[in-house]
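Colleague: Take this sequence and fold it.
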Amino acid sequence: MKKMKHNIAAFFCAMIILGLSAAYATADGEQEKLQIAEPIQEYTSMDLSPYRGKALFLNFFTEWCPYCMQEMDSIREIHEQYDPEAFQVILVHVWDGEDASNTESIKRRFGMQDMTFYEDEKAEVFRALGFQGYPTSLFLDQEGFLSQYHSGPLSREAMASAVESMGVTRLQAGEGVQ
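Modeller: Residues are numbered from 1 along each chain as shown. Got it, this is the predicted structure:
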């Protein structure tokens, strides 16, 4: 049974790694969206249930990755610019030769103490999704479907565009995250 679950998860991962966009064509030519949140929830220990109904930005990183660290200020800005009732950033710290002290270092260095981090201690989620490098970003819409997938660093503008493509609007001036 565990092997079957692993094979199903690998199928979803392969679809992501092959660079498929948010939709794929079915045999009759209709566009079908790729559900990602449910396989993550079912085949890994990462719990996305508290974020049901929210658009998600999952960023997979390590502290030793210079490109990952280049993104952190932009990720914090994106977190602050969108309504937390509609949108959530989840920073997935992959323990690739690291530990929780690296997360604490990043939180202090980039002022991210109020942000959501997930400790991928055994790189379980990272490997289950078949990712190869850092940083890797997933944007999941409010229903858990893949909106965008990016391997490599993103600019703040690209992040904002991905968030807004899911129908999430920016907070008005003075409405920042509490």
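
Colleague: for the chain, where's the lowest mean pLDDT among helices and strands?
Modeller: The helix or strand with the lowest mean pLDDT-type score in the chain, counting by mean pLDDT, DSSP states H and E, is strand 23-25 (a mean of 43).

Colleague: Could you report the distance from the residue nearest to the spatial centre of the chain to residue 173?
Modeller: The geometric centre of the chain, computed from its C-alpha atoms, lies nearest to residue 58 (Cα atoms, centre = their mean), at 1.3 Å. Going from residue 58 to residue 173 by Cβ to Cβ, to the nearest Å gives 28 Å. For the C-beta atoms, the positions are set from N, CA and C on the backbone; glycine is no exception.

Colleague: Identify each of the helices in the protein and give its residue range.
Modeller: Remark: helices assigned in the chain by DSSP state H are 2-17, 37-43, 66-81, 100-110, 124-128, 156-164.

Colleague: give me phi/psi at residue 95?
Modeller: Residue 95 has phi and psi values of phi -80, psi 70 when expressed as degrees, to the nearest 10.

Colleague: excluding its backbone neighbours, what's nearest it?
Modeller: Excluding the flanking residues, the one nearest residue 95 by Cβ to Cβ, 6 or more residues apart in numbering is residue 121, at 4.8 Å.

Colleague: right, and the one you found touches residue 96 too?
Modeller: No. Contact criterion Cβ atoms under 8 Å: residue 121 and residue 96 do not qualify, at 10.5 Å.

Colleague: Just give the number of residues close to the residue nearest to residue 95.
Modeller: Using other Cβ atoms under 10 Å, the number of residues around residue 121 comes to 14.

Colleague: what do you get for the one 5 residues further on?
Modeller: By the criterion of other Cβ under 10 Å, residue 126 has 22 neighbours.

Colleague: now residue 37
Modeller: 22.

Colleague: Would you mind listing the buried residues in stretch 90-105?
Modeller: 90, 91, 92, 93, 94, 95, 96, 98, 102, 103 (16 or more other Cβ atoms under 10 Å).

Colleague: can you pull the contacts of the fourth one?
Modeller: Right, the one you point to is residue 93. 61, 62, 63, 102, 103, 106, 117, 118, 119, 120 (Cβ atoms under 8 Å, 6 or more residues apart in numbering).

Colleague: try 7 Å this time
Modeller: 61, 102, 103, 117, 119, 120 (Cβ atoms under 7 Å, 6 or more residues apart in numbering).

Colleague: wait, what's in contact with residue 110?
Modeller: Residue 110 touches 72, 73, 76, counting by Cβ under 7 Å, 6+ apart.

Colleague: how close does the residue nearest to residue 95 sit to residue 99?
Modeller: 8 Å.

Colleague: Next one, pLDDT for the nearest residue to residue 160 once chain neighbours are set aside please.
Modeller: Excluding the flanking residues, the one nearest residue 160 by Cβ to Cβ, 6+ apart is residue 78, at 6.3 Å. Looking at residue 78, its pLDDT reads 97.
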